[in-house]
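Asks: Sequence and predicted structure are below.
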2 protein chains.
Amino acid sequence: MIVVGLMSGTSADGVDVAIVNIRGKQHRLKVSLQHFEAVSYSPALRSRILAAAENGHVAEICHLHALLGEIFAKATLKAIAQSGLKPEQIHLLGSHGQTLHHLPKLKREAGIGPIRSTLQISDPAIIAERTGITTIADFRSRDMAAGGEGAPLAPYAHHLLFQHRSRTRLVVNLGGIANVTVLPAGSSLEHVQAFDTGPCNMLLDGVTTQLSNGKHTMDRGGRLAKPGQVDSTILRFLLSHPYLLKQPPKSTGREEFGQAYVQKLLQRAQKRRLSLSDVLATCCRFLALSISQSNNWIKQDIHEVIIGGGGIYNTSLVKELGNAFSPVPVRTMDDCGSFGKAFEAIAFAMLAYQSFHGVCANIPTVTGARHPVVLGTITPGRVKS
Amino acid sequence: MIVVGLMSGTSADGVDVAIVNIRGKQHRLKVSLQHFEAVSYSPALRSRILAAAENGHVAEICHLHALLGEIFAKATLKAIAQSGLKPEQIHLLGSHGQTLHHLPKLKREAGIGPIRSTLQISDPAIIAERTGITTIADFRSRDMAAGGEGAPLAPYAHHLLFQHRSRTRLVVNLGGIANVTVLPAGSSLEHVQAFDTGPCNMLLDGVTTQLSNGKHTMDRGGRLAKPGQVDSTILRFLLSHPYLLKQPPKSTGREEFGQAYVQKLLQRAQKRRLSLSDVLATCCRFLALSISQSNNWIKQDIHEVIIGGGGIYNTSLVKELGNAFSPVPVRTMDDCGSFGKAFEAIAFAMLAYQSFHGVCANIPTVTGARHPVVLGTITPGRVKS
């Protein structure tokens, strides 16, 4: 099957399109990447999405749901054209959607009981209509309905792609949020452990945007952080966040580490008269430590760390990670296959493939769900008439 | 197949559950109602939904999406239990969802083009997880993706159930919004015409709630309207709304006839010192005229009017309709089958059945879509393991 995977992370910087060949059954899949394309949102759209995610009103949310559907469809058709394929040759599409809100914590409602909720937008009806491809979307809600946190979901793909017979691997995704997946040597799906360690690019991007007055929206290559000095007071403040001490399974998002959090950090940094570079250097140290602290929750000795996600291009962050995990080697996904930054989009192509075949692809020990479930909703492609 | 249909209209007063036997292929279905249950929302929940629909924030929308999923699931399980069936005996479920916002008018976006959008909440993942039944939801968005207004959808079911060989019928649904379906004698799907004529119970409920200071939320049986006098000045004001003159296909909702509209009406009514009964009597006359004016857009002579929806229990409204259409007879759906107020829920069971079988069930001439489409998203039920 040729499957398109669409990933758009909490950073809201764009949509990644992977075109993937998948074959196999149950939890044994062969996956190869045929084409990859990263399509950026315009700065105006990014601002709209971030504003809607923090405090959006119903009319804007309704409109963005459709608008992002159009943008995802356009990105898909562009990637298919550039790959030399035709839309009719694609069998299936998996779209993560744009997470507008994610409330994994139980909230009691009288007479009903505890509620967890999530809101993923980018209308799959529009994607299916424009591309003609059967579209699987909204992967997180079913796991939450089964008592899970709806995240993380990528560990399933980590297991299928990176599990090793004799080496215990820690897969680290450096996205808007950082998450880790522990793949114990030679073990099966039930022994996979994974959780969000805390913020990642969401923090770096927020700091960069604010302190540069919008001149930069990210610290490309980690260049701004490089000359900075780590400030130990701020570092202690960052490391004191209660989320870091919470026992897994746990997941987090913009609600906990969004603008309000960045604002709080910058107020303290201002009092200490830190430069943008100093704040970023401190954040990189913090992120590396918050990720390596995940060792506290892991029973196995790690033999190898594999990093993926947009953060791998931030050399300041990667250097800090190398120090934090030393002497355990830190490698990128590129060194262990050929996925690079396409990984998350590939993961959602794999999840779509599994849902289409009725295979459960959440890991209950990872998300906290009561049992395995088939993820997502299926929107039929073009009718053959 | 035994199919559950769930309907929750723009009035946001509750969810109707129909359990229906359906057999047949393509556009020829045999449908019989096995059980019907109307589950009311609590007044607090109704207020929350209406507030969210007018001006909801992202966190509340996210939460309500899940909360309504739980409520729909609970209503379904209750109805199934009372019918004497077991959830495992149900093959399929169709859930209209709660319309939180509906923007059928084109809104241009630079570089993307015109956007129509709709936001239906009540998470199907929760319904499917709690009931174990494969759930079809979000029926409107695909039609909109194909250039339609996403409404009305019930005319498809009107055609399948009420089309007559020798009599041209006008089916009128007296819901939150009123809509009419013209079924020309002996003609096929392409000749069905249908559109929203304007507000209905949404107006009566709004007026009643406001002027009774929340003591009543609806004019039960039309008793409050009965002693009232029609005020011709207010009637002229109501009949001057531009929506009434718009050529079909057209659809409308709370955006046009919600609280702001009721407020405007009540300001004028206050100046003329009208009582609640007078305002309601005037509204009933207005609604009857706005519905019978649909004749302006219909080429055929109508032989029979069939009314359905909650408004059929408002005797003041029904009497006005009888006068407005006279000498054409006005009958209720109950007289023409045994559907009564279950009709809309039955319709969504039928639409789910068609989507499940890959049958297109929008009527392009009615919604304005460019072509027929398979409606909705499919969320798989319990996995047999």
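Replies: That came through fine.

Asks: now the strands for the stretch 201-350 of chain A?
Replies: Here the stretch 201-350 of chain A has its strands, by DSSP state E, counting those that start in this stretch, at A:304-308, A:330-332.

Asks: now the first one: how far from the chain's centre is it?
Replies: Relative to the mean C-alpha coordinate of its chain, strand A:304-308 is positioned 15 Å out (Cα atoms, centre = their mean, to the nearest Å).

Asks: Remind me what that strand packs against, helices and strands.
Replies: strand A:169-174, helix A:315-325, strand A:330-332 (3 or more Cβ pairs under 8 Å, 6 or more residues apart in numbering or on different chains; DSSP states H and E). The C-beta positions use only the backbone N, C-alpha and C, and glycine is treated the same way.

Asks: Can you show me the CA trace of that strand as CSV?
Replies: The C-alpha coordinates for strand A:304-308 follow below in CSV (Å, rounded to 0.1, in the frame of the first residue of the first chain):
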residue,chain,number,x,y,z
GLU,A,304,21.7,4.0,22.9
VAL,A,305,19.8,7.2,22.5
ILE,A,306,18.1,7.9,19.1
ILE,A,307,16.9,11.5,18.5
GLY,A,308,14.4,12.7,16.0
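
Asks: Quickly run through the sheet partners of it, with directions.
Replies: Applying DSSP bridges, strand A:304-308 is found paired with strand A:169-174 (parallel), strand A:330-332 (parallel).

Asks: Would you point out which residue of the stretch 201-350 of chain A is nearest chain B?
Replies: A:E255 (8.1 Å; Cβ to the nearest Cβ).

Asks: hey, what's A:R331 bridged with?
Replies: A:I306.

Asks: Relative to A:C284, how far out is it?
Replies: 19 Å (Cβ to Cβ, to the nearest Å).

Asks: neighbour count winner among the two?
Replies: Taking neighbours as other Cβ atoms under 10 Å in any protein chain shown, A:R331 and A:C284 compare with A:C284 leading, 27 against 13.

Asks: now the strands for the stretch 1-150 of chain A?
Replies: Counting by DSSP E, counting those that start in this stretch, the strands of the stretch 1-150 of chain A are A:2-7, A:14-25, A:28-40, A:92-95, A:98-109, A:113-121, A:135-137.

Asks: hey, least reliable of these by pLDDT?
Replies: Here the lowest mean pLDDT among the strands of the stretch 1-150 of chain A goes to strand A:98-109, at a mean of 92.

Asks: distance between that strand and the chain's centre?
Replies: Distance, centroid of strand A:98-109 to centroid of chain: 17 Å (Cα atoms, centre = their mean).

Asks: Next: stretch A:157-170.
Replies: Centroid separation between stretch A:157-170 and its chain, computed with Cα atoms, centre = their mean, is 18 Å.

Asks: how long is that stretch end to end?
Replies: End-to-end distance of stretch A:157-170: 13 Å, with Cα to Cα, to the nearest Å as the criterion.

Asks: residues contacting A:R273?
Replies: A:R273 makes no contacts at all, as judged by Cβ atoms under 8 Å, 6 or more residues apart in numbering or on different chains.

Asks: ok, now A:C284?
Replies: A:C284 neighbours (Cβ under 8 Å, 6+ apart): A:204, A:222, A:225, A:314, A:316-317, A:319-320.

Asks: Tell me which two of those sit farthest apart.
Replies: The distance between the two most remote of the contacts of A:C284 (Cβ to Cβ) is 14.0 Å, for A:L204 and A:K319.

Asks: So if I had to pick from those two, which one is more boxed in?
Replies: A:L204 (29 against 16).

Asks: and the nearest residue to A:I298 once chain neighbours are set aside, how many residues sit next to it?
Replies: Among residues not flanking A:I298 along the chain, A:V182 sits closest, at 5.2 Å (Cβ to Cβ, 6 or more residues apart in numbering or on different chains). Residues lying near A:V182 (other Cβ under 10 Å) number 25.

Asks: likewise A:P87?
Replies: With other Cβ under 10 Å as criterion, A:P87 counts 17.

Asks: what's the answer for the one 5 residues further on, then?
Replies: Neighbouring residues of A:L92 were enumerated by other Cβ under 10 Å; the total is 23.

Asks: Okay, it and chain B: tell me how far apart.
Replies: With distances taken as Cβ to the nearest Cβ, to the nearest Å, A:L92 is found 13 Å from chain B.
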